[in-house]
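>>> When you get a sec, could you give me coordinates for this:
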Amino acid sequence: MLSTVLPRVVSSITVLAVFSAASSGTAGLILDQSFDGGSKNSSAGVGGGVFGPTDQAQVFTVGIAGQLAQISVLIIRGTFPADDLLLDVRPTVGGVPTESDTAVLASAAIHPASVPIAPPTGGVPPEFVTVDISSFGVHVTPGEELAIVLRSPTTQSGEVYAWFGQGNFPPQPAPYAGGDSFFRNAFFGFPTWTADDSLAPVVHTSRGFETFVDAPIPEPSTLVLSSLMLGVFGVARLAERLKSATGAP
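Presented below is the predicted three-dimensional model:
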């Protein structure tokens, strides 16, 4: 009887295992790093201007392995005729963004129509504007330091965007602990990335941002497959023991 039951059990498990393997492989978009600076719902906060030769950057530390798919930045713009705003993802060296505007991991334009306008009287809060960079295939690993850069497509642009966040005076550290914020402006004598807190008065600043990683999620089918394989091994071991006890061939 055992010689006929065992093949049927193994056959049934094989069919279920094939079904389980075929149903796996989905992934989910997961919020990894984020900081809203407390200014998401307020017109108050620290705003770093992006216009003409002035670029802004925020370094972050990856926490989840996968593909970097989306980035959101907490921004607002002025009322002048608008140019696009460029968002880059860059490597870092020693926690500082790389300088080249061409050797970037991903780059996408933010159209001014998607950015809230700050009227002259103020009172309009910045909003998180999301950019999809999934087509660039930026694969990230935990502990990796990358930089989000906002810049103008031309150094002659008169359009002003503001990237909001929060600043702390010493001895308090920057609100976001995973990386520093930077700026550069060759016109005013800062041609390379300069830490925001390197100028007086010293303020440890963090910009508002969110990163989303497309990361594999363990499927229930994977757990089922593991249990089924353990069942195969258990049945096989039981068969061997019964054979030894009964002397069956």
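
>>> contacting residues for the closest residue to R151 other than its chain neighbours?
Counting by Cβ to Cβ, 6 or more residues apart in numbering, R151 lies nearest to D55, which is 4.0 Å off, once chain neighbours are set aside. For the C-beta atoms, the positions are set from N, CA and C on the backbone; glycine is no exception. By Cβ atoms under 8 Å, 6 or more residues apart in numbering, the contact list for D55 reads V149, L150, R151, S152, F183, R184, N185.

>>> Can you find the helix or strand of the protein with the lowest average pLDDT?
helix 2-22 (a mean of 42; mean pLDDT, DSSP states H and E).

>>> next SSE after that helix?
Heading C-terminal from helix 2-22, the first helix or strand you meet, by DSSP states H and E, is strand 27-35.

>>> What residues does R77 make contact with?
R77 neighbours (Cβ under 8 Å, 6+ apart): L85, P112, V115, P116, I117, A118, E159, V160, Y161, A162.

>>> which residues touch the fourth one?
It stands for P116. I76, R77, V124, P125, P126, E127.

>>> and it, how far is that from D132?
Separation of P116 from D132 (Cβ to Cβ, to the nearest Å): 19 Å.

>>> Then the second one?
Taken as Cβ to Cβ, the spacing of P112 relative to D132 amounts to 18 Å.

>>> what about G189, how many neighbours?
Residues lying near G189 (other Cβ atoms under 10 Å) number 7.

>>> per-residue confidence for it?
Model confidence at G189, given as pLDDT, is 89.

>>> show me where pLDDT drops low in the chain?
Across the chain, residues meeting the criterion (pLDDT under 70) sit at 1-27, 37-46, 81-82, 120-123, 154-159, 200, 218-249.

>>> I'd say F182 and P97 touch.
Yes: contact status for F182 versus P97: in contact at 6.2 Å, counting by Cβ atoms under 8 Å.

>>> Please point out which parts of the helix or strand containing T211 sit buried.
Assigned by DSSP H and E, T211 falls within strand 209-216. Using 16 or more other Cβ atoms under 10 Å as the test for burial, strand 209-216 gives F209, E210, T211, F212, V213, D214, A215.

>>> which ones are touching the first one?
Under the criterion of Cβ under 8 Å, 6+ apart, the contact list for F209 reads Q33, S34, F35, Q58, F60, I71, S72, V73, L74, I148.

>>> nearest to T92, of those?
Using Cβ to Cβ, F60 is the member of the contacts of F209 that lies nearest T92, at 9.5 Å.

>>> neighbours of the closest one, just the number please.
25.

>>> With G49 instead?
Residues near G49, counting by other Cβ under 10 Å: 16.
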